[in-house]
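**Student:** after the sequence you'll find the predicted model.
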Amino acid sequence: MAKKEMRQPIESGCPDGFQYMHPVMLRNFGQWQWHDHPRPGVLRHVAHSGDEIWTVRAGTQRILDVFTLRKLCDIGDEFADGHVRFTIRSNIEYMVSDQGKVDPLIKALESSGFVVGGTKNSVAMIAHTQGWLHCDIPGTDASGVVKSMMDELIDEFRNCNMPNRVHITTSCCQINCGGQGDIAINVQHTKPPKINHDLVANVCERPSVVARCPVAAIRPALVNGKPTLEVDEKKCICCGACYPPCPPMQINDPEHTKLAIWVGGNHSNARSKPSFQKLVASGVPNNPPRWPEATAIVKRILRTYKEDAKDWERINDWIDRIGWPRFFELTGLPFTKYHIDHWRGSRKSLNASTHIRF
């Protein structure tokens with residue numbers, strides 16, 4: 001009897017990127033000699049073989065509708081070589097091998113309402129988390145905040161006038177599924193979840209909720225003879241992770257859900273070691289659809305950074321050089337006792353020497 005064949009696994013991961021690559025890029029993969037930056041939004045790479053590839057970057061949002069996608073693809077078929085890619089910050093890039101196609105491509109993009117830029121020392125497109133469209137625990141709409149801020153920062157995206165590249169990210173809750181960069185706009189939940197004890201036993205799988213808390217602040221309890229849950233408010237970080245498996249643990253609130261702004265994070269090991277971001281503004285009003293208060297604070301920080309930083313100095317390097325007291329003095333943001341780390345692991349971040357900046 002023939003041996004039964006095993007079922008083959010379904011390959012559902014990322015597809016092979018080489019099949020979508022521009023022929024010039026495929027032919028010279030790993031053989032690039034140098035590159036330059038002719039103008040904002042345009043890059044040129046030259047291979048050892050002498051081949052050139054020109055890349056044009058246009059600003060696009062992360063959540064695209066079908067009409068916009070088809071429009072972008074039509075532009076690529078007509079004015080480029082039919083090859084595109086999306087950056088990690090959701091901007092579309094067109095690759096062409098002929099320099100003569102660059103200007104017509106830029107004109108076609110700008111006439112269709114797309115902005116060319118976001119390269120070198122500019123304010124790159126803001127990365128963001130899900131927000132109201134998809135997530136079930138957002139305190140604000142991350143994509144809406146991005147739209148509002150990029151409308152105000154369009155000139156900084158279109159031109160290369162900043163001291164160095166600026167990365168901004170927005171998050172709709174403290175879980176930060178989108179990751180953080182140099183500046184991050186976070187939602188600050190200022191209170192622990194409010195529990196409806198009458199519904200917990202019927203709706204929630206209590207062991208899963210207890211296990212989901214990242215700081216072990218939730219434990220089983222009995223209230224009025226009914227099995228329910230309770231929260232240790234001294235441990236709670238108000239992240240909202242308990243709400244998806246247990247909707248009776250309501251975390252959002254029209255009054256207490258505010259925005260907070262954090263600055264100075266560094267993910268990479270380039271120039272300096274990785275570092276956590278620091279809180280610089282909290283309790284910022286969560287006012288859709290334009291979020292003017294949060295946008296004004298971010299613009300103030302960027303304006304101060306642009307005026308005071310040295311050439312090619314990133315935001316975290318600039319803050320390390322001038323110190324946090326000087327940062328608050330230059331930006332005019334109020335400094336309160338709540339800006340000081342008070343958790344037990346914060347001793348590593350506090351100054352423990354006599355070397356003080358004046």
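**Tutor:** Cool, got the structure.
**Student:** in space, what's closest to K191 - neighbours in sequence excluded?
**Tutor:** Excluding its sequence neighbours, the residue lying closest to K191 (C-beta to C-beta, 6 or more residues apart in numbering) is H256, at 4.9 Å. Where C-beta positions appear, they are placed from N, C-alpha and C, glycine not excepted.
**Student:** for the closest residue in space to P274 that isn't next to it in sequence, name its beta-bridge partners.
**Tutor:** Nearest residue to P274, sequence neighbours excluded (C-beta to C-beta, 6+ apart): N266, at 5.4 Å. Beta-bridge partners for N266, by DSSP bridges, are S275.
**Student:** circling back to that earlier point, correct me if wrong: the residue nearest to K191 contacts P192.
**Tutor:** No. Using C-beta atoms under 8 Å, H256 makes no contact with P192, being 10.2 Å away.
**Student:** who's more crowded, these two?
**Tutor:** Taking neighbours as other C-beta atoms under 10 Å, H256 and P192 compare with P192 leading, 19 against 16.
**Student:** quick one: contacts for that one?
**Tutor:** By C-beta atoms under 8 Å, 6 or more residues apart in numbering, the residues touching P192 are A217, V231, E233, C236, C238.
**Student:** which element, helix or strand, includes the nearest residue to the third one once chain neighbours are set aside?
**Tutor:** Counting by C-beta to C-beta, 6+ apart, the nearest residue to E233 once its immediate chain neighbours are dropped is P192, at 4.9 Å. Taking DSSP states H and E as the definition, one finds P192 inside no helix or strand.
**Student:** neighbours of V56, just the number please.
**Tutor:** As a burial measure, V56 scores 26 neighbours (other C-beta under 10 Å).
**Student:** what's across from it in the sheet?
**Tutor:** Taking DSSP bridges as the rule, V56 bridges to V42, Y94.
**Student:** look up how far T87 lies from the nearest residue to H35 once chain neighbours are set aside.
**Tutor:** If the residues on either side of it in the chain are set aside, H35 comes closest to H45, at 4.3 Å by C-beta to C-beta, 6+ apart. H45 sits 15 Å away from T87, going by C-beta to C-beta, to the nearest Å.
**Student:** now do the domain split for the protein, please.
**Tutor:** 20-116, 127-190+254-336, 194-250 (automatic domain parsing).
**Student:** rank those by pLDDT, which is bottom?
**Tutor:** Lowest mean pLDDT of the domains of the chain: domain 127-190+254-336, a mean of 88.
**Student:** for it, the distance to its chain's centre please.
**Tutor:** In this view, domain 127-190+254-336 has its centroid 9 Å away from the chain centroid, taken as C-alpha atoms, centre = their mean, to the nearest Å.
**Student:** what's the first-to-last distance across that domain?
**Tutor:** End-to-end distance of domain 127-190+254-336 (C-alpha to C-alpha, to the nearest Å): 29 Å.
**Student:** and what of stretch 193-210?
**Tutor:** End-to-end distance of stretch 193-210 (C-alpha to C-alpha): 14 Å.
**Student:** what ranges does the protein have for its helices?
**Tutor:** Under the criterion DSSP state H, the chain contains helices at 23-27, 66-79, 102-111, 142-152, 154-158, 197-203, 206-212, 292-308, 315-322, 324-331.
**Student:** quick check: L279 touching H339?
**Tutor:** Yes. Using C-beta under 8 Å, L279 is in contact with H339, at 5.6 Å.
**Student:** quick check: bridge partners of R85?
**Tutor:** Taking DSSP bridges as the rule, R85 bridges to E93.
**Student:** how many neighbouring residues does it have?
**Tutor:** The burial count assigned to R85 is 16, neighbours taken as other C-beta under 10 Å.
**Student:** now swap in K278 and tell me
**Tutor:** Counted with other C-beta under 10 Å, residues neighbouring K278 total 16.
**Student:** what's the spacing between it and N196?
**Tutor:** The spacing between K278 and N196, counted by C-beta to C-beta, is 36 Å.
**Student:** how about Q61?
**Tutor:** Distance, Q61 to N196, by C-beta to C-beta: 37 Å.
**Student:** kindly report the same for N186.
**Tutor:** According to C-beta to C-beta, N186 and N196 sit 27 Å apart.
**Student:** out of the two, which sits in the busier spot?
**Tutor:** Neighbours of N186 and N196, each counted by other C-beta under 10 Å, are more numerous for N186; the result is 27 against 14.
**Student:** next one: that one from S90, what distance?
**Tutor:** Plainly put, N186 is 19 Å away from S90 if you go by C-beta to C-beta.
**Student:** now swap in T257 and tell me
**Tutor:** To S90, T257 is 26 Å away according to C-beta to C-beta.
**Student:** more crowded one of those two?
**Tutor:** Set T257 next to S90 and count neighbours by other C-beta under 10 Å: T257 wins out with 20 against 17.
**Student:** what's the closest non-adjacent residue to the more buried one?
**Tutor:** G139 (4.2 Å).
**Student:** tell me, how many residues neighbour the one you found?
**Tutor:** For G139, the neighbour count with other C-beta under 10 Å is 26.
**Student:** the one 10 residues further on now?
**Tutor:** Other residues lying near M149 total 24 when counted by other C-beta under 10 Å.
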